[in-house]
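Asker: Need the 3D shape of this:
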Amino acid sequence: MPTRWPAALFGAWILVLGVVYGVAPALGGWLRLVGGLSAAGAVLLGTRRAQPDDRRPWWLLAVAAGLSGVGGSMASAPDVLSTRFTWMNTAGTSVMLIAYPVLALALGGFVLRRLGSARDQAGLLDALTVTSGVALLIWTFVVGPRMDAAASVDGLGLAMPFADLLCLGLLIRLTTVPGRLVASAWWLGAGIAAMLVADIARHSWAGQLALYAAAGMAALIPAMAGLTRPAVAPPATETSRGRLALLAVAALVAPTVLLVKMFRDSQVSGLVVVAGLSMLVLLLVLARMGGIMASHRQALARERALREASAALVSAADTEAVGLAVRTTVAQLLPGDVPHGVVLAIAIAQSEPQSPEAAEQAAADRAIGTAARIVQTRDVDWAVSVRLTQFTETLRCPMVLQDRPTGDPLVGVLHVGAPGWALEVLRRSVEVLAGQVALALERIALSHEVTRRNSETYFRTLVQNTADVITIVDEQDRIRYASPSAVGLFGADPTGVRLPDVIHPGDRERLAEVLAAVRDGESRLHPDFRAVGNRPADILLEMHCRDLRDDPSVAGLVITMRDVTERRELERELTHQAFHDAMTGLANRVLFHDRLRHALARSARDGSVVGVLFIDLDDFKIVNDTLGHAAGDQLLIAVAQRIAGALRADDTAARLGGDEFAALVENVNDPGAVEETANRILAALAEPVQTDAKPLFAVASIGITTTLESNDADELLRQADLGLYVAKGAGKNQWRRYQKHLHDEMVARLELRSALDHAVNEGHFLLHYQPIVDLVTGAAAGFEALVRWHHPRQGIITPDQFIEVAEESGLIVPMGRWVLEEALRTVAEWRRVLPPGRAPYVSVNVSVRQFRETGFVEQVRNALHHTGVPPQALMLEITETLLMKDDEQRVWADLLALREMGVRIAIDDFGTGYSSLGYLRQRPIDVVKIDKTFIDDMESSPLVSGIVSLAQSLGMIVVAEGIEDVMHRDLLVRLGCPLGQGFLFSSPLGPTEVLAWLAGSHAIAV
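Answerer: Model prediction:
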């Protein structure tokens, strides 16, 4: 339901009750009871809906309405009931009278809630005044006549006016509370006023009905909660015109009553004069009170305006802000929209003398001080009068401050133009304002002076303590001023000395050109003039020149000089470090590339030959690992010196990084000169290098290329790198020149590596197995797994064509894992096909890089477990070079763990690594495989016999590789070699071919 509908329905309901009473007065008692209870219910309903801050006044209002309804119904009971119950009329009257104090308590509660914690003594006095006036009227025209006829008037008729007066007084007090009244208060006021009028007219039923309607409507409208909230009082409500009018009406009640009674009762005519004069005096007093209050309001407004002006003037930072504050304040001081004009004239020092009139006026201003006076506008200064010409009179107020630091007490003059009466009103306020303005202007002036002096002191301190030398040079190039830092730079104060005399003679001509250019309007930085100072070395100065001859405070050239000697030295050092190697002092890679490009440009012009040499020390890592980096650094420094010594003056030696060096040979006509340079470098490195550890030999490999091969710098560098790669592969201590086929081989190698990477990922490999046979019986003991690459275009590729690339690229690790797992799966298939105990073992080659991978032992164990092959059926072959590396301790620990697991370990190609046979005692080795090169020469060499004898003494099994004829087999049998493999017995076979080969005449050796 909308919020205003309950109030509308209740109003309609009360209207219905009034109509019924007019039609059937006999039902008045019941209608009073229904109306009172309806009003009480409406008040309780509105209180529940709106939830006011304090419900107690509303509850009292509901009780008052209910008591009024109950008492009225009892007092108006029908004769049948009143005759039977004689006490009913008296009781009803008493209940109705009780309702009035309860209603007064409710109104008092509203007053207290509206006041909150504020004290409104003026409002209380106003309420008492008005109530007293109304009381006089009621006493004179209602109560008094009724008391004269008391014999015919009941007690209710005499008591109710006094009860109404009590409620009226509290209602007036509620209306005089500062702040805006809510609608509920207006409803209560209208209802109580109507009840008072009805009671005076002896129509109590109408008064009760008005009270019910007012109470219900006040409680049901949405604004009812505001009646119990503290009121927000507007300023100066006690002096409002409405309140003064109310007091005036209340005060006129007594004289008015006196006049009415005299005319009505035909009293003595002299009393008319007394009453008239009392009314006149009262009106005059009220008028005077109104004037005093208006003056008070104006005084408050001026005080407020001056207070705001003081705050604005305190925060003003310049004279413009002061002028704005003055204009704003004068506008606030004047009442209404009075036309006016304001001119603030500030006294300034003038170089020219004042006119006699102006001087006389200024003297008068100093004499009278800040006293304001009204003068004719035409008599003020011309500059002021033209701005105030629309006013005939002007208020002139000097702004004087005694004991000013500047001596003159006159700060300025404040002029205000307005009508004459307004100027009289403003006089005192403008005097106060002028004093505040004078203080504000003096404060601003002193602040500017302090700032200026601080600024001068600040810049003077900077100039006197700056490291730069600031000089002023006159037209004869003589130094007229020099900052104190010049003494430290030149050894003495150069003031009075010509500027060229403190500059190095070699730079004086250039200095003259610079000074002439500056005088012609050029102003820029001129670096690096050598100065004559108190230091043994030259002082480099950076100069900045400006022409300030037109500035009267300077009148010369301002030349700022800065000592940049250390900066230039640091720049040279940084440049050298950026293009040279810090350890050897040779050119670095950046400088080498730059000089190579310049050399190629010269070669293109004159047709000379340019050669590039890449030099790399052989086995330098061994020096660092065995003797330490200190010895390695000494070796690098010595090598750098020898390479530089082997070159010509036009050539460039560079260190590219680590143990890599380069040489640039220029201005030669024959490529042979480049090769001779390489020979000289190798010869220079042949002598031993003395280090703190021991003498060392610097063995190097050199790659060479010339502009006959290419004219591009990057291409030459790449070619020299390829030549170095070939020299490394050919051996140590030699050089190789780049040839085109080297590039083709390198490209082919890169393509092979890429294809190999693809093959590893796609699984393009297969295994062949070569039998390992018993040399006496010819029975197969095992098979060596040999990997083959099934190339999609080239067909089957043998390991000697790709194993080296696989080792270099690291692809040997995933390839070796696949070989191991595939070989074990094949053995598992053989063991399922062959009779129990007749399956051969398989031998798998393992790279050292596989051992260096973490978890290789677990990898072998898992492969054996997944395939179900026993460890005794697996033999792992490693290269002989591993025997000589004492630093591979983890590798040998893994081999020992595999051997303890049951896996046998074999040394492949034994003898090619020139290892000592004594290493066999120190390593977990089961089988020694003799390389084919020794088998081919064993008729003339006793080495095979020694290896077989040593292996047998150590309890190892010997396998001879590469047996291709019967004579070698028979000789190995006589030497006691038990096992062998080679094409004499069989070529490598596929997995199914092995089974067919075994199914022939070849048994399994047990």
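Asker: CA only for contacts and neighbour counts going forward, please
Answerer: Fine.
Asker: Under the pLDDT cut-off, which ranges of the stretch 351-500 of the chain? List them.
Answerer: Along the stretch 351-500 of the chain, segments meeting pLDDT under 70 span 351-370, 402-408, 451-467.
Asker: Show me the strands in it, by range?
Answerer: 373-376, 393-400, 410-417, 469-473, 479-482 (DSSP state E, counting those that start in this stretch).
Asker: What lies in contact with the fourth one?
Answerer: Yep, that's strand 469-473 we're talking about. Contact with strand 469-473 is made by 463, 479-486, 499, 554, 556-562, as judged by C-alpha atoms under 8 Å, 6 or more residues apart in numbering.
Asker: cutoff 7 Å now
Answerer: 479-483, 485-486, 556-562 (C-alpha atoms under 7 Å, 6 or more residues apart in numbering).
Asker: how about those in TSV, adding neighbour count and distance to Val386?
Answerer: As requested, the contacts of strand 469-473 are exported to TSV (neighbours: other C-alpha atoms under 10 Å; distance: C-alpha to C-alpha, whole Å):
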residue	neighbour count	distance to Val386
Ile479	22	54
Arg480	17	52
Tyr481	19	51
Ala482	22	54
Ser483	20	53
Ser485	19	58
Ala486	20	59
Gly556	24	46
Leu557	23	48
Val558	21	48
Ile559	20	52
Thr560	19	53
Met561	22	57
Arg562	19	59
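Asker: so who does Asn667 touch?
Answerer: Per C-alpha under 7 Å, 6+ apart, neighbours of Asn667: 608-610.
Asker: before we move on, back to that, can you redo the contacts of strand 469-473 as a markdown table with distance to Ala653?
Answerer: Output for these, formatted as a markdown table (distance: C-alpha to C-alpha, whole Å):
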| residue | distance to Ala653 |
| --- | --- |
| Ile479 | 51 |
| Arg480 | 55 |
| Tyr481 | 53 |
| Ala482 | 50 |
| Ser483 | 50 |
| Ser485 | 46 |
| Ala486 | 46 |
| Gly556 | 55 |
| Leu557 | 51 |
| Val558 | 49 |
| Ile559 | 46 |
| Thr560 | 44 |
| Met561 | 41 |
| Arg562 | 38 |
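Asker: okay, and for the stretch 651-800 of the chain, where does confidence drop off?
Answerer: Low-confidence segments of the stretch 651-800 of the chain (pLDDT under 70): 729, 741-754, 762.
Asker: Could you tell me which of the contacts of Asn667 are located in strands?
Answerer: Among these, the ones falling in strands (DSSP state E) are 609-610.
Asker: out of the contacts of Asn667, who has the most neighbours?
Answerer: Using other C-alpha atoms under 10 Å as the neighbour test, those are led by Val610, with 27 neighbours.
Asker: okay, that residue: pLDDT?
Answerer: We have a pLDDT of 92 for Val610.
Asker: thought it was touching Thr707?
Answerer: Yes: counting by C-alpha atoms under 7 Å, Val610 does reach Thr707; the two are 5.5 Å apart.
Asker: In contact with Ala638, which residues?
Answerer: Applying C-alpha under 7 Å, 6+ apart, we find Ala638 in contact with Val689.
Asker: Now it: which helix or strand?
Answerer: Secondary structure assignment for Ala638, by DSSP states H and E: helix 629-645.
Asker: Let me know the average pLDDT across that helix.
Answerer: Helix 629-645 comes out at a mean pLDDT of 89.
Asker: Same list (the strands of the stretch 351-500 of the chain) but as CSV, adding distance to His866.
Answerer: Compiled in CSV, those are given as follows (distance: least, C-alpha to C-alpha, whole Å):
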stretch, distance to His866
strand 373-376, 121
strand 393-400, 112
strand 410-417, 110
strand 469-473, 88
strand 479-482, 95
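Asker: Tell me which of these sits most buried.
Answerer: Across those, the average number of neighbours (mean count of other C-alpha atoms under 10 Å) peaks for strand 393-400, which reaches a mean of 26.
Asker: Alpha carbons only: can I get that one in CSV?
Answerer: The C-alpha coordinates for strand 393-400 follow below in CSV (Å, rounded to 0.1, in the frame of the first residue of the first chain):
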residue,chain,number,x,y,z
GLU,A,393,32.4,61.3,-3.0
THR,A,394,35.1,58.9,-2.2
LEU,A,395,36.2,57.4,1.1
ARG,A,396,40.0,57.8,1.3
CYS,A,397,41.8,55.7,3.9
PRO,A,398,45.6,55.8,4.1
MET,A,399,47.5,52.6,5.0
VAL,A,400,50.2,53.7,7.4
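Asker: between the strands of the stretch 351-500 of the chain, which gets nearest to Ile907?
Answerer: Taking C-alpha to C-alpha, strand 469-473 is the member of these nearest to Ile907, at 82.7 Å.
Asker: Ramachandran angles for Glu877?
Answerer: When quoted as degrees, to the nearest 10, the phi and psi of Glu877 stand at phi -100, psi 130.
Asker: ok, it - how many residues close by?
Answerer: Glu877 has 22 neighbouring residues, counting by other C-alpha under 10 Å.
Asker: Ok, Asp721 next?
Answerer: Asp721: 22 surrounding residues under other C-alpha under 10 Å.
Asker: which helices and strands does the strand or helix carrying it pack with?
Answerer: In the assignment (DSSP H and E), Asp721 maps to helix 713-730. When contacts are defined as 3 or more C-alpha pairs under 7 Å, 6 or more residues apart in numbering; DSSP states H and E, helix 713-730 sits against strand 609-617, strand 700-706, strand 734-737.
Asker: Using a markdown table, please lay out those together with distance to Glu687.
Answerer: Putting these into a markdown table (distance: least, C-alpha to C-alpha, whole Å) gives the following:
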| stretch | distance to Glu687 |
| --- | --- |
| strand 609-617 | 14 |
| strand 700-706 | 12 |
| strand 734-737 | 15 |
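Asker: right, so these: which one is the most enclosed?
Answerer: When the helices and strands packed on helix 713-730 are scored by mean count of other C-alpha under 10 Å, the highest mean neighbour count falls to strand 700-706 (a mean of 28).
Asker: Report the mean confidence score over the one helix or strand His865 maps to.
Answerer: Element membership for His865, per DSSP H and E: helix 856-867. Helix 856-867 comes out with an average pLDDT of 90.
Asker: Can you list the buried residues in it?
Answerer: By 16 or more other C-alpha atoms under 10 Å, the buried positions in helix 856-867 come out as 856-857, 860-861, 863-864, 867.
Asker: who's in contact with that helix?
Answerer: Contacts with helix 856-867, where a contact means C-alpha under 7 Å, 6+ apart, come from 821, 824-825, 828, 850, 870-871, 894, 898.
Asker: Name the SS class of Ala755, please.
Answerer: Per DSSP: H, G, I helix; E, B strand; the rest coil, the local secondary structure of Ala755 is helix.
Asker: I am finished for the moment; much appreciated.
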